[in-house]
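Visitor: Dropping the sequence and predicted coords here.
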Amino acid sequence: MVLLPGWFLANDSPVNKHFVEAYKARYGVYPSYNAQNAYAAVYALKAAIEKAGTTEKMAVIKALEGLTVEVPAGKIYIRPGDHQAVLNVTWGKTAADPNYPIRILKPMVIFKGEEVTPPVEATGCKMQ
């Protein structure tokens, strides 16, 4: 069994399918978790800058608070109370699949980020 933070290439969402296909076409390999995480970070920052209408640091930070962005991993929500990125968690057993050169998760179960992320009060975070 494997528990993964938020993303797996077998996720069949349209955003993920596009990301995996574009990445594989450009680089000739399937994307890693790090590639998805970098992609997600850039698109969250892009969305925050667009929302803020500027690249000024404090305005972008404020724009990130409460922002929801659709990325290959699914929806990522930036929680205002502690700036935690709340995202789904993927669980499953690894299994061979003729469509992939690597083992994938079968079955794949996705747990909602809100259900598996500790509440702000439990984190000890004191935003200042």
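Guide: On my side now, so go ahead.
Visitor: Closest to the centroid, which residue in the protein?
Guide: Centrality entry for the chain: nearest residue to the mean C-alpha point is Ala73, 4.0 Å, by C-alpha atoms, centre = their mean.
Visitor: Test my guess that that one contacts Asn11.
Guide: Yes. With contact defined as C-beta atoms under 8 Å, Ala73 and Asn11 form a contacting pair (7.4 Å). Just so you know, the C-beta spots here come from the backbone N, C-alpha and C atoms, and that holds for glycine as well.
Visitor: what residues are shared contacts of those two?
Guide: Taking C-beta atoms under 8 Å, 6 or more residues apart in numbering as the contact definition, Ala73 and Asn11 share no neighbouring residue.
Visitor: can you pull out the strands in the chain?
Guide: Counting by DSSP state E, one finds strands in the chain at the ranges 2-4, 68-71, 74-78, 85-86, 89-95, 104-111.
Visitor: quick one: Ala59 and Ala52 touch, right?
Guide: Yes. If you go by C-beta under 8 Å, Ala59 and Ala52 touch, sitting 4.1 Å apart.
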